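Visitor: structure of the sequence below:
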Amino acid sequence: MAKVILKYDARNPHAVKTLEFIMSLGFFEMQKTDDPLSPFEKSLQDIKNGRVTKIKNVYNAVSEILQ
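Guide: The predicted structure is shown next:
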């Protein structure tokens, strides 16, 4: 199943009515999320907060990751 993500102004009555109409057709299911960050933005936060693995030697990568 393909996934489509829409960003819209929830205060815009035209956008809300359009989504209500599309959902009333029964072809789609809605999955609400309260997470405003994209996966890319989450990865940037991980880098800023130091939640990364630094590998010193590519030949010993597996042993360094498992430490």
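
Visitor: tell me the gap between the helix or strand bottoming out on mean pLDDT in the chain and the middle of its chain.
Guide: Sorting the helices and strands of the chain by mean pLDDT, DSSP states H and E puts helix 61-65 at the bottom, at a mean of 78. How far helix 61-65 lies from its chain's middle: 28 Å, per Cα atoms, centre = their mean, to the nearest Å.

Visitor: what comes into contact with that helix?
Guide: Applying Cβ atoms under 8 Å, 6 or more residues apart in numbering, the external contacts of helix 61-65 come out as 53, 55-57. Using the backbone N, CA and C atoms, a C-beta is placed for each residue, glycine as well.

Visitor: quick one, longest helix in the protein?
Guide: When the chain is parsed with DSSP state H, its longest helix is helix 13-24.

Visitor: residues contacting that one, please?
Guide: 6, 8-10, 28, 30.

Visitor: please identify which of these is nearest to S43.
Guide: Nearest to S43, judged by Cβ to Cβ, of the contacts of helix 13-24 is L6 at 22.6 Å.

Visitor: and the closest one, what does it touch?
Guide: Under the criterion of Cβ under 8 Å, 6+ apart, the neighbours of L6 are L19.

Visitor: now it: phi and psi?
Guide: phi -110, psi 140 (degrees, to the nearest 10).

Visitor: read off the pLDDT value for it.
Guide: pLDDT recorded at L6 is 85.

Visitor: shaky segments in this structure?
Guide: Within the chain, no stretch has pLDDT under 70.

Visitor: can you do 90?
Guide: 1-10, 27-42, 52-67 (pLDDT under 90).

Visitor: distance of the residue lying farthest from the centre of it relative to L37?
Guide: Distance from the C-alpha centroid of the chain peaks at Y59, with 32.9 Å (Cα atoms, centre = their mean). For Y59, the distance to L37 equals 35 Å [Cβ to Cβ, to the nearest Å].

Visitor: farthest pair in the contacts of helix 13-24?
Guide: Across the contacts of helix 13-24 (Cβ to Cβ), the longest gap, 19.8 Å, separates D9 and F28.
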